[in-house]
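Undergrad: Need coordinates for the below:
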Amino acid sequence: YFNHINPPGTFNITGYLWSFDDATTQTTIDAKKKFATAGVQNIRYRIFTAEGCTGDTTKQVTISPDPVAKPGVPLAGCTNSPLQITDTSVVSSGTIVSWQYDFGDGNTLVRAVNTPFTHTYTAAGTYSFTLITTSALGCKSDTAKKTITISDKPVAPFSFAGTPCIGNTITFTSGYTNTTGTNWYWDFGDGQVFNTSAGNTATHIYTTSQSNITVKHVVSIAGSVCAADTTFTIIPAIHQNPVAAFSIKKDTACENIPLAFSSSNTGISVWNWNFGNGTGTAAPPFTRTYNTAGTYNVSLTVTDINNCRSVPATDVLIINPTPVVNAGPDKIMNFGYPVLIAAAVSPSSVYNYLWTPAAGLSASNILQPMASPAANTTYVLQAEDVVSHCRSSDAVLVKVVTEVYIPNAFTPNGDNRNDRWMIPALSQYPNAVVTLFNRYGQKIFETNNYVNNTWDGTFKGTKQPIGSYTYFIKLNDNRNQVFQGQVTIIR
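TA: The predicted structure follows:
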């Protein structure tokens, strides 16, 4: 500002002229001038009187420079995230002593230093940020303005699901589901990370057992400087999977013989068996019987108390056939005349034989011994396969007779009961001759092989009438025994 001072004396002043170095003028009694450049400025002042006189004076003033405000601030930011504010304001001479900030959110700040600092916006929106600087000589800068856009951060809590065991798939689900320009970042805590823009879920398989795994998750959006705050979840443990193990006692792996199953596993909550002929969930030890010979693929899968599941343990079980033992037909033995026990065993193999009791047998460890017991005896044959140790048994009765019993009647009436004249004792006398006569003395039957050719009450295919018939039986034994009597046909 430039002010007129009346000169000494009395003058009738009629005009004023202020002249400046930039060729501008003013004609008011007082003048105010804003100089565009700093430096020494010449100020010329002239007054005019009514008498035509003029008075001139010239003075010099030194104009100090205005500072230039240059704030440094990001043009975009996030709610509740501090923005770094820097300053590069300058003044061509002198120093800046004051920085006056207006953040546009109702907050202002005057600082005496230009060191970096931060400001936090708590609500999303567009803000006008301004800075005015003042030099030590009181010169103020023009207002520097910047427009700042503040956005909300995405909120991205997450959860996980799945059984925490080695090799199992764990599914992670982010709470942020907007797919427009979104990138989901996952750090699974085992050195593996995953970035995806395909959706808010991710899967991961942990390959080693570990505990207290910290999983981290961040969501970022294309075109936005705002990423979600990192969220954390701790998985307490990734558990080791159990190793299934079992054994089968196979020393007698035979049809219809219970086999013992056992396992060394502990801490198991679920047992899943596949026996090759069915399934089960029994906890060992237990026994299981296979009714049919063959090859069975047995497997066991276990689940432990952590709900971790093993891979199947397997074994091949061969069930051997049980030998079919036939001790032969029951025998009638004439006292003192040994009989052959016609036993048989199948299938063909090598067997150990054992007859009990051994008394009265020619040998107790062969298939077909001779039997000569002193009294009626039931013999039991046990046959055991020397390789598979499968065994079975059967019994035969050897009936001892001290004389030949000859029935005195039979009923050949076609009802399949007592239709033939059976003389069982003759099985001990293969050379016996049987002859029959009717009441007229006519020979109507004769054979030397009666066991296989018993009389059916006919003669030349004709049924003989009811009545009595005379027989002669010559045993042809070492005692030359002969029996004579009558047999009656009853219808």
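Undergrad: Surely residue 131 touches residue 86?
TA: No. No contact is recorded between residue 131 and residue 86 when judged using Cβ atoms under 8 Å, the distance being 11.0 Å. The C-beta positions use only the backbone N, C-alpha and C, and glycine is treated the same way.
Undergrad: Which neighbours do those two have in common?
TA: With Cβ atoms under 8 Å, 6 or more residues apart in numbering applied, the overlap between the contact sets of residue 131 and residue 86 consists of residue 71.
Undergrad: Neighbour count: these two, which is higher?
TA: Remark: of residue 131 and residue 86, residue 131 carries more neighbours, 24 against 12, as counted by other Cβ atoms under 10 Å.
Undergrad: what helices or strands is the helix or strand hosting the more buried one leaning on?
TA: Counting by DSSP states H and E, the element that carries residue 131 is strand 125-135. Contacts of strand 125-135 with other secondary structure elements, assessed using 3 or more Cβ pairs under 8 Å, 6 or more residues apart in numbering; DSSP states H and E, are made with strand 96-102, strand 144-151.
Undergrad: List the contacts of residue 317.
TA: Contacts were defined as Cβ under 8 Å, 6+ apart; by that measure residue 317 touches 248, 250, 253, 259, 276, 290, 295-298.
Undergrad: Give the bridge partners for it, please.
TA: residue 296 (DSSP bridges).
Undergrad: do you know how far it is from residue 250?
TA: Look at residue 317 and residue 250: by Cβ to Cβ, to the nearest Å, they are 7 Å apart.
Undergrad: Are there residues contacting both of the two? Which ones?
TA: In contact with both residue 317 and residue 250: residue 259, using Cβ under 8 Å, 6+ apart.
Undergrad: What is the burial count for the residue lying closest to residue 120 once chain neighbours are set aside?
TA: The shortest distance from residue 120 to any residue that is not its chain neighbour, by Cβ to Cβ, 6 or more residues apart in numbering, is 4.9 Å, and that residue is residue 82. For residue 82, the tally of surrounding residues (other Cβ under 10 Å) stands at 12.
Undergrad: With residue 370 instead?
TA: For residue 370, using other Cβ under 10 Å, the count is 13.
Undergrad: number of nearby residues for residue 241?
TA: Residue 241 has 18 neighbouring residues, counting by other Cβ under 10 Å.
Undergrad: That one and residue 310 touch, don't they?
TA: Yes. Between residue 241 and residue 310 a contact is recorded at 5.7 Å, counting by Cβ under 8 Å.
Undergrad: Tell me how far residue 121 lies from residue 133.
TA: 23 Å.
Undergrad: same deal with residue 7?
TA: When Cβ to Cβ is the yardstick, residue 7 and residue 133 sit 41 Å from each other.
Undergrad: quick one: which of the two has more around it?
TA: Per other Cβ under 10 Å, whichever of residue 7 and residue 133 has more neighbours is residue 133, with 26 against 11.
Undergrad: if I read this right, the more buried one contacts residue 140, doesn't it?
TA: Yes. Using Cβ under 8 Å, residue 133 makes contact with residue 140 at a distance of 7.1 Å.
Undergrad: list the helices and strands the helix or strand bottoming out on mean pLDDT in the chain packs on?
TA: Each helix and strand of the chain was given a mean pLDDT (mean pLDDT, DSSP states H and E); the minimum falls on strand 331-334 at a mean of 84. Identification of packing neighbours for strand 331-334 by 3+ Cβ pairs under 8 Å, 6+ apart yields strand 339-340, strand 391-401.
Undergrad: of the ones you listed, which approaches residue 92 most closely?
TA: Judged by Cβ to Cβ, the one of those that comes nearest to residue 92 is strand 391-401, at 117.9 Å.
Undergrad: didn't residue 185 look like it was pressed against residue 217?
TA: Yes. Applying Cβ under 8 Å as the test, residue 185 and residue 217 come out as touching, 6.8 Å apart.
Undergrad: Those two: which has the busier surroundings?
TA: Legend: neighbour count by other Cβ under 10 Å for residue 185 and residue 217, higher for residue 217 (25 against 19).
Undergrad: For the residue nearest to residue 26 when sequence neighbours are not counted, which three-state class applies?
TA: Spatial nearest neighbour of residue 26, excluding adjacent residues (Cβ to Cβ, 6+ apart): residue 18 at 4.3 Å. Using DSSP: H, G, I helix; E, B strand; the rest coil, the three-state assignment for residue 18 comes out as strand.
Undergrad: Give me the number of neighbouring residues for residue 18.
TA: What residue 18 shows, counting by other Cβ under 10 Å, is a neighbour count of 20.
Undergrad: Equivalent analysis for residue 292, please.
TA: By other Cβ under 10 Å, the residues close to residue 292 number 10.
Undergrad: Residue 300 now?
TA: For residue 300, the neighbour count with other Cβ under 10 Å is 23.
Undergrad: hang on, isn't it packed against residue 246?
TA: Yes. Distance between residue 300 and residue 246: 4.9 Å, which falls inside the contact criterion (Cβ under 8 Å).
Undergrad: any shared contact partners between the two?
TA: Shared contacts of residue 300 and residue 246, defined by Cβ under 8 Å, 6+ apart, are found at 263, 313.
Undergrad: Secondary structure element holding residue 178?
TA: Mapping residue 178 onto the secondary structure by DSSP H and E places it in no helix or strand at all.
Undergrad: Report the contact partners of it.
TA: residue 154.
Undergrad: Now do it against residue 59, distance only.
TA: According to Cβ to Cβ, residue 178 and residue 59 sit 70 Å apart.
Undergrad: Over to residue 298?
TA: When residue 298 is compared with residue 59 (using Cβ to Cβ), they lie 117 Å apart.
Undergrad: Residue 366 too?
TA: Applying Cβ to Cβ, the value for residue 366 to residue 59 is 154 Å.
Undergrad: and these two? which has more neighbours close in?
TA: residue 366 (13 against 10).
Undergrad: so the residue lying closest to that one once chain neighbours are set aside bridges to which residues?
TA: Of all residues not flanking residue 366 in the chain, residue 353 sits nearest, at 6.0 Å (Cβ to Cβ, 6+ apart). Listed by DSSP bridges, the beta-bridge partners for residue 353 are residue 383.
Undergrad: same deal with residue 445?
TA: The partner list for residue 445 in beta bridges (DSSP bridges) reads residue 436.
Undergrad: is it true that it touches residue 459?
TA: Yes. Between residue 445 and residue 459 there is a contact at 6.9 Å, judged by Cβ under 8 Å.
Undergrad: more neighbours, these two?
TA: Each of residue 445 and residue 459 had its neighbours counted (other Cβ under 10 Å), and the higher figure belongs to residue 445 (22 against 15).
Undergrad: if we can go back for a sec, would you reformat the helices and strands packed on strand 125-135 as JSON lines and include mean neighbour count?
TA: Supplementary listing: these in JSON lines, determined by neighbours: other Cβ atoms under 10 Å:
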{"stretch": "strand 96-102", "mean neighbour count": "18"}
{"stretch": "strand 144-151", "mean neighbour count": "16"}
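Undergrad: I'd like those as CSV, with mean pLDDT appended.
TA: Compiled in CSV, the helices and strands packed on strand 125-135 are given as follows (pLDDT from 0 to 100):
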stretch, mean pLDDT
strand 96-102, 97
strand 144-151, 95
